[in-house]
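**Student:** Task: produce atomic coordinates for the following.
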Amino acid sequence: MALMISLSMPGPASAASAQKVKTKTELLNCSAVTFDGSNLTEEENDYFFSNQKYISTAQILRFALGRDAILADFYTHRKGSGFNANVLKIKDLAKQKGFALQMTRDLTVAENILIEENKNHKWTKHTVDTLLCRINAIGDTAMNGYNIYASNYLKGLKAKQEAMHGQVGYFDVTVNDCTISKSIDTGNRYSAVKSDSDARFITVNATFKNTDNEGRLPSEGSLFISKDDKDFKFDTTETIMSDGYGIRLRSLNPLIKLNTKLVYKVPNELYGEVYWKPGRNAEDKKLWCIYLPPA
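**Tutor:** This is a model prediction of the structure:
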């Protein structure tokens, strides 16, 4: 399969601005390639040193999100042999909408940096071969200087995953998922929430479990979005009279769970990481929800 390589492997929106480096009709045999930098000039080594994080991150995230990626071609080429477990775990987490949006944002950041850095970079056969084989090394099962970024990135995702669950007051609370939409379709036209051209809706799918020995009342709480070092707090949910939405003053008996959807309306001008703080929360604990992309 022909492989058109650009440094950042941009998507359609940025493809025109990326410098195409070389076309390969087949993948390199990297066992026969010196790619540790010993055959590169000082300038070429400096280039890779300053950009290796973004090169690796972009390829890992493109692979995880199911986009065209050199790493995906090497994965297929390995034909079921060992492949970096951290990369595969990131790909698995990309199945969750919230994490996929976070990865898409991080991919955009990495690729924009690479496109900017690649504008005046002169490529040689050695640098192209080095690029290819360092990307191949991302898939190695043994830790190296190229797949360490998968390990580091996965740690960040796991931290967010852990931050989706916690003990809040009398309740064990879990964010099962968060979604973004322009309207809320409940399946009933009388309880549906119509779109607003100036806003979006964030729906928190959450589970409350009463861990006390008597009935307790859960509380919806607030949504937080940070922008320019300022927290914007949304403490009013949409009133949706349909099963599966809201709390509506329902006390939970001991060890009983409530799964519900809480809908918050947020303006289009906000974007960034979103946290949810359940109510009756003396410790001020916030649970990670989703990355809200620019509207």
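
**Student:** so where do the strands sit in the chain?
**Tutor:** Listed in chain order, the strands of the chain (DSSP state E) span residues 3-6, 20-24, 165-168, 171-181, 199-210, 222-227, 230-234, 257-267, 272-277, 287-292.

**Student:** Can you lay out those strands as CSV showing mean pLDDT and mean neighbour count?
**Tutor:** All C-beta spots, glycine's among them, are computed from the backbone N, C-alpha and C. Converted to CSV, the strands of the chain look like this (pLDDT from 0 to 100; neighbours: other CB atoms under 10 Å):
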stretch, mean pLDDT, mean neighbour count
strand 3-6, 37, 16
strand 20-24, 41, 14
strand 165-168, 97, 17
strand 171-181, 97, 19
strand 199-210, 98, 20
strand 222-227, 94, 18
strand 230-234, 95, 12
strand 257-267, 97, 18
strand 272-277, 96, 20
strand 287-292, 97, 24
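
**Student:** Of all those, which one is nearest Ala100?
**Tutor:** Proximity to Ala100, assessed across these by CB to CB, is greatest for strand 287-292 (9.1 Å).

**Student:** just to revisit the earlier point, please name whichever of the strands of the chain is nearest to Lys125.
**Tutor:** Of those, nearest to Lys125 by CB to CB is strand 20-24, at 8.2 Å.

**Student:** now the end-to-end length of stretch 76-86.
**Tutor:** End-to-end distance of stretch 76-86 (CA to CA, to the nearest Å): 17 Å.

**Student:** Going forward, the N-terminal residue is numbered 566.
**Tutor:** Will do, 566 is the new start, and the previous item becomes stretch 641-651.

**Student:** what's the distance between it and the middle of its chain?
**Tutor:** Counting by CA atoms, centre = their mean, to the nearest Å, stretch 641-651 is centred 22 Å from the centre of its parent chain.

**Student:** Ok, stretch 709-729 next?
**Tutor:** 11 Å.

**Student:** Adding distance to Phe639 as columns, could you present the strands of the chain in a markdown table?
**Tutor:** Shown next, in a markdown table, are the strands of the chain (distance: least, CB to CB, whole Å):
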| stretch | distance to Phe639 |
| --- | --- |
| strand 568-571 | 10 |
| strand 585-589 | 12 |
| strand 730-733 | 35 |
| strand 736-746 | 32 |
| strand 764-775 | 36 |
| strand 787-792 | 37 |
| strand 795-799 | 42 |
| strand 822-832 | 40 |
| strand 837-842 | 32 |
| strand 852-857 | 28 |
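
**Student:** Let me know which of those strands is the nearest to Ser716.
**Tutor:** Nearest of these to Ser716, taken as CB to CB: strand 852-857 at 20.2 Å.

**Student:** what's the closest of the strands of the chain to Met708?
**Tutor:** strand 568-571 (25.2 Å).

**Student:** re the thing from before, the strands of the chain: which one's closest to Tyr810?
**Tutor:** strand 822-832 (5.0 Å).

**Student:** counting contacts, what elements does that closest one pack onto?
**Tutor:** strand 764-775, strand 787-792, strand 795-799 (3 or more CB pairs under 8 Å, 6 or more residues apart in numbering; DSSP states H and E).

**Student:** Can you report how many residues lie near Thr695?
**Tutor:** Neighbourhood size, Thr695 [other CB atoms under 10 Å]: 23.

**Student:** Does it touch Ser603 like I think?
**Tutor:** No - in this structure Thr695 lies outside contact range of Ser603 using CB atoms under 8 Å: 10.3 Å.

**Student:** ok, back up a step: which stretch among the strands of the chain comes nearest Tyr640?
**Tutor:** Shortest distance between Tyr640 and these, using CB to CB, is found for strand 568-571: 13.2 Å.

**Student:** Quickly list the domain ranges of this protein.
**Tutor:** According to automatic domain parsing, the chain is divided into the following domains: 573-725, 729-857.

**Student:** Between those domains, which has the poorest mean confidence score?
**Tutor:** Among the domains of the chain, domain 573-725 has the lowest mean pLDDT, at a mean of 87.

**Student:** Work out the gap between it and the centre of the chain.
**Tutor:** 16 Å.

**Student:** now stretch 811-829
**Tutor:** That offset, for stretch 811-829, works out to 28 Å (CA atoms, centre = their mean).

**Student:** what sits up against that stretch?
**Tutor:** 736, 741, 749, 758, 766-786, 788, 799, 801-805, 809-810, 841 (CB atoms under 8 Å, 6 or more residues apart in numbering).

**Student:** follow-up on the earlier one: could I get the helices and strands packed on strand 822-832 in JSON lines, plus columns for distance to Leu626?
**Tutor:** Below are the helices and strands packed on strand 822-832 laid out as JSON lines (distance: least, CB to CB, whole Å):
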{"stretch": "strand 764-775", "distance to Leu626": "23"}
{"stretch": "strand 787-792", "distance to Leu626": "22"}
{"stretch": "strand 795-799", "distance to Leu626": "27"}
